[in-house]
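**Student:** prediction below, plus the sequence it came from.
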Amino acid sequence: MNGHQSIQRLNCRSCRAPILLVRTLKDRQMPLDRDPSPDGNVQLLRSTDGARAQVLSTAELAAFQLEQIVKPVDERQPLYLPHFATCPNAAGHRRRDRSSAPPAPRSN
């Protein structure tokens with residue numbers, strides 16, 4: 001899938017590790033570690049515009065792994081880790097959690 005234009009091969013701006021920048025099914029960009037991982041939980045799906053990243057839930061991941069076991073090794077699909085899981089500087093890239101903002105005052 002690396003030939004698709006929707007996957008950008010870059011280096012992380014803070015730790016310089018090689019990453020893939022892929023759009024999710026919700027059309028947001030997600031950095032992934034460039035190499036597949038046996039601990040990965042992100043699947044790359046083919047789409048009309050290239051590829052999309054889908055984060056698998058625990059149940060989806062279990063089902064995916066069972067499906068892969070019966071496939072020949074050369075037909076198995078790799079999984080990837082979000083780069084936020086491995087970047088030593090991940091906290092600097094996170095968006096602020098809006099739920100931590102103080103609540104708005106109530107009018108009586």
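**Tutor:** Structure received. Residues are numbered from 1 along each chain as shown.
**Student:** could you list the low-pLDDT ranges of this structure?
**Tutor:** 1-5, 94-108 (pLDDT under 70).
**Student:** can you show me the helices along it?
**Tutor:** Assigned by DSSP state H, the helices in the chain fall at 58-69.
**Student:** partner residues bridging the residue nearest in space to the middle of it?
**Tutor:** With distances taken as C-alpha atoms, centre = their mean, the chain has P82 as the residue nearest its mean C-alpha position (4.1 Å). Beta-bridge partners for P82, by DSSP bridges, are L32.
**Student:** so it sits against M30, correct?
**Tutor:** Yes: with contacts counted by C-beta atoms under 8 Å, P82 reaches M30, the gap being 6.3 Å. (Glycine included, C-beta is placed from N, CA and C.)
**Student:** need the overlap of contacts for those two.
**Tutor:** V42 (C-beta atoms under 8 Å, 6 or more residues apart in numbering).
**Student:** list the contacts for the residue nearest to the centre of the chain?
**Tutor:** M30, P31, L32, D33, N41, V42, V55.
**Student:** distance check, P72 against C12.
**Tutor:** Between P72 and C12 the computed distance is 34 Å (C-beta to C-beta, to the nearest Å).
**Student:** more neighbours: those two, which one.
**Tutor:** C12 (20 against 6; other C-beta atoms under 10 Å).
**Student:** what about the strands in this protein?
**Tutor:** Applying DSSP state E to the chain gives strands spanning 7-11, 18-23, 29-33, 42-47, 50-55, 79-80.
**Student:** let's have these in a markdown table, adding distance to C87.
**Tutor:** Formatted as a markdown table, the strands of the chain follow (distance: least, C-beta to C-beta, whole Å):
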| stretch | distance to C87 |
| --- | --- |
| strand 7-11 | 11 |
| strand 18-23 | 9 |
| strand 29-33 | 8 |
| strand 42-47 | 15 |
| strand 50-55 | 16 |
| strand 79-80 | 14 |
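**Student:** now the contacts of P82: which count as buried?
**Tutor:** M30, P31, L32, D33, N41, V42 (16 or more other C-beta atoms under 10 Å).
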